[in-house]
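[1] Have a look; sequence and predicted model below, questions after that.
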Amino acid sequence: MTERFSFELKATDGKARTGVINTPRGEIRTPAFMPVGTAATVKAMMPESVRATGADILLGNTYHLMLRPTAERIDRLGGLHKFMNWDRPILTDSGGFQVMSLAGLRKLTEKGVTFKSHIDGSKHELTPERSMEIQKLLGSDIVMCFDECPALPADRDRIAESMRLSMRWAARSKEAFGDRPGHALFGIQQGGLEADFREESAEALKEIGFDGYAVGGLAVGEGQEAMFGCLDHAPDHLPKDKPRYLMGVGKPDDIVGAVARGIDMMDCVLPSRSGRTGQVFTRRGVVNIKNARHADDPRPLDEACSCPACSNYSRAYLHHVYRSNEMISGMLLTWHNLHYFQEIMQGMRDAIGAGTFEDWQAEFHAQRAQGDI
Ligand SMILES: CNc1nc2c(CCNCC3CCCCC3)c3nc(N)[nH]c(=O)c3cc2[nH]1
């Protein structure tokens, strides 16, 4: 059990890296996929099941939890780990991104953001200082700076202005975070798809100094080609000896492409949200379980998968419980998707460690090209 937060790089293969983040609540094997636990739960999953899929860390959300049940109440009840019965690391986002995508009636100023709750319309304010206070009350192990993520497409002036505001907010976040051994504060690089702004943002963050660096401002509708184009240079300006976290990504092939470009950590609602809408990710591509062609199919979703859904149930059963809107449908498909995403991460960690990441990527893409799934 370490009292400090540290990152050990174990091996690299091209720009891809594999390593371990040591935290007082346990280690995080990288590259890491972090399941999203928006309102103190990974939807349809017990925490022990999330762990069984191979997750070392999960995400909590400042925006949702500040509105309901409030960070103060979670603090009074012993913090988010105890509240949701997850004793391993938790990373919390700073709330700004969710305000811009969820809240009503927002007002953005140099100080921060005021907004109306999407739950009951009550008025709230988020500033770098308040976001740090909330994340401290939640007890999260990895805290994200309070930032502003501009919607793309946006012109260069808007992107520069937004990035420079986020850099001022990063300095205020660091100031408010203080010195908290065993807890980490991550800066968030902004700058849209502009290489010069990405470099300016990275330099500003390094000047302030953080325990890890996120690549923000992506996966906001730019498409995979533009995102990869940005990732071909954006991580290069970030410190090599600190973890790099790409926020909000993504589909399996997004994740593989991001790791190949030097990313160590990712989060996405996709596997859990898709699990509830019948979209199943497999090594050969996506299966839509609600399609009538599965009604009589006795085969598992994926013969090569060892998750409970693939080990114990037929496609016909999964089709039936999805169509019947039974709770077990979301449980089994979410479990499968999270298990599959973690299997991809384990495959990449092993391949990078063995120096065979090129071959692993070729096999990953070849399998997906196959026909009927
Ligand atoms: C989906 N695409 C995307 N997500 C981004 C996110 C959110 C990442 N996921 C956080 C979880 C979401 C569900 C609830 C729990 C927290 C971003 N967050 C921040 N702070 N800044 C971004 O530029 C930023 C950019 C992002 N792009």
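    Arrived safely.
[2] Check the secondary structure at the residue lying closest to Gly192 once chain neighbours are set aside for me.
    Excluding its sequence neighbours, the residue lying closest to Gly192 (Cβ to Cβ, 6 or more residues apart in numbering) is Ile159, at 3.9 Å. In this view, the C-beta of every residue, glycine as well, is placed from N, C-alpha and C. Following DSSP: H, G, I helix; E, B strand; the rest coil, Ile159 is assigned to helix.
[3] Identify the residues contacting whatever residue of the chain ends up closest to the ligand.
    Residue nearest to the ligand within the chain (Cβ to the nearest ligand atom): Gly248, separated by 2.2 Å. Going by Cβ atoms under 8 Å, 6 or more residues apart in numbering, Gly248 touches Phe97, Leu218, Ala219, Val220, Asp267, Cys268.
[4] That one belongs to a helix?
    No - applying three-state DSSP, one finds Gly248 to be coil, outside a helix.
[5] so what pLDDT did it get?
    Note on Gly248: pLDDT of 98.
[6] residue ranges for the strands of the stretch 101-250 of the chain, please.
    For the stretch 101-250 of the chain, the strands defined by DSSP state E, counting those that start in this stretch occupy 104-108, 113-116, 123-126, 142-144, 184-189, 212-215, 244-246.
[7] Met348 is nearest to which of these?
    Closest approach to Met348 among the strands of the stretch 101-250 of the chain (Cβ to Cβ): strand 244-246, 13.7 Å.
[8] now that closest one, how far from the centre of its chain.
    Distance of strand 244-246 from the chain centroid (Cα atoms, centre = their mean, to the nearest Å) equals 9 Å.
[9] Name the residues of stretch 149-157 that are buried.
    Across stretch 149-157, burial judged by 16 or more other Cβ atoms under 10 Å covers Cys149, Pro150, Leu152, Ala154.
[10] so what does the lowest-mean-pLDDT helix or strand in the chain touch, helix or strand wise?
    Across the helices and strands of the chain, the lowest-confidence element by mean pLDDT, DSSP states H and E is strand 104-108, at a mean of 86. On a contact count with 3 or more Cβ pairs under 8 Å, 6 or more residues apart in numbering; DSSP states H and E, strand 104-108 meets strand 113-116.
[11] Tell me how many other residues crowd the closest residue to Asp254 other than its chain neighbours.
    Spatial nearest neighbour of Asp254, excluding adjacent residues (Cβ to Cβ, 6+ apart): Gln224 at 6.0 Å. Counted with other Cβ atoms under 10 Å, the neighbours of Gln224 add up to 15.
[12] For Gln224, which residues are in contact?
    Contacts of Gln224 by Cβ under 8 Å, 6+ apart are Lys251, Asp253, Asp254, Gly257.
[13] The second one - how many residues pack around it?
    What it means is Asp253. A count of nearby residues for Asp253, using other Cβ under 10 Å, gives 14.
[14] Output the set of residues of the stretch 251-373 of the chain in proximity to the ligand.
    Taking Cβ under 6 Å from any ligand atom as the criterion, the stretch 251-373 of the chain approaches the ligand at residues Asp267, Val269.
[15] Repeat the analysis, applying 5 Å as the threshold.
    Applying Cβ under 5 Å from any ligand atom, we find that the stretch 251-373 of the chain lies next to the ligand at Asp267.
[16] What are the boundaries of the helices in the stretch 251-373 of the chain?
    Under the criterion DSSP state H, counting those that start in this stretch, the stretch 251-373 of the chain contains helices at 252-260, 270-276, 308-312, 315-323, 327-354, 357-369.
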